[in-house]
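K.L.:
I would like the atomic coordinates for the input below:
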Amino acid sequence: MNFAVVGQLDLLKRVYQKVFIPEAVFQELSAIRSSQLGDVVIQTVLWIEQRSVANKSLVDSLRLELDLGESEAIILAMEMKADFLILDERRGRNVASRFGLKYIGLLGILVEAKRKGLIDAVKPVLDDLMIKAGFWMGSPIYTRILQEVGETGK
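P.N.:
All right, here's what the predicted structure looks like:
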């Protein structure tokens with residue numbers, strides 16, 4: 001929910017129209033103090049839909065490697081035959097790859113949003129993610145993303 005912290009949650013809606021999240025992620029987001037999510041109350045966001053995971057035993061086995069939210073997200077993506085999964089953590093991405101799932105992270109979403117003309121610039125959002133949300137990215141990644149969207153030297 002780093003996008004919510006920096007006031008960009010609606011970017012997900014503009015890029016994807018609807019986002020499905022498992023119960024564990026919904027509970028995590030519901031527990032976050034509203035001051036951390038800006039003005040967003042996750043229960044009122046109609047384009048984010050909570051779904052239950054059917055295969056709880058597979059979720060339990062993934063819990064040996066991942067947290068509950070990531071485990072449920074991966075299994076839900078498999079069960080829904082999702083086009084892709086929004087996932088930033090490297091460990092989660094490795095597990096998703098083992099299951100043949102495609103994934104995209106926040107940085108990829110920003111690049112896609114810029115290419116679709118949904119945002120004018122990526123740099124201010126990147127800066128907000130790092131400063132306000134504590135989103136970590138190394139300098140080479142930061143530079144590469146800005147080069148990819150043609151924002152070098154800004």
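
K.L.:
Next, Val53: phi, psi?
P.N.:
phi -90, psi 130 (degrees, to the nearest 10).

K.L.:
Residues touching stretch 107-114, excluding its own?
P.N.:
3, 11-12, 14-15, 86, 104, 119, 121-122, 125-126, 137, 141, 145, 148-149 (CB atoms under 8 Å, 6 or more residues apart in numbering). C-beta coordinates here come from the backbone N, C-alpha and C atoms, glycine included.

K.L.:
Looking at the record's assignment, how would you partition the chain?
P.N.:
Domain assignment for the chain by automatic domain parsing gives 2-106, 110-148.

K.L.:
Mind putting the ones you listed into TSV with mean pLDDT and mean neighbour count?
P.N.:
As requested, the domains of the chain are exported to TSV (pLDDT from 0 to 100; neighbours: other CB atoms under 10 Å):
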stretch	mean pLDDT	mean neighbour count
domain 2-106	87	16
domain 110-148	94	15
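
K.L.:
from the contacts of stretch 107-114, which ones fall inside helices?
P.N.:
Secondary structure from DSSP state H places 3, 11-12, 14-15, 125-126, 141, 145, 148 of those in helices.

K.L.:
now the strands for this protein?
P.N.:
19-22, 48-51, 85-86, 103-104 (DSSP state E).

K.L.:
partner strands of the first one, parallel or antiparallel?
P.N.:
When you say that, I think you mean strand 19-22. Paired neighbours of strand 19-22 in the sheet (DSSP bridges): strand 48-51 (parallel).

K.L.:
can you give me how far the partner strand is from the chain middle?
P.N.:
Distance of strand 48-51 from the chain centroid (CA atoms, centre = their mean, to the nearest Å) equals 14 Å.

K.L.:
Mind checking which residue lies nearest the centre of the protein?
P.N.:
Ile86 (4.4 Å; CA atoms, centre = their mean).

K.L.:
Can you tell me the closest non-neighbouring residue to that one?
P.N.:
Distance criterion CB to CB, 6 or more residues apart in numbering; nearest residue to Ile86, sequence neighbours excluded, is Ile104 at 6.0 Å.

K.L.:
Cool, thanks, talk later.
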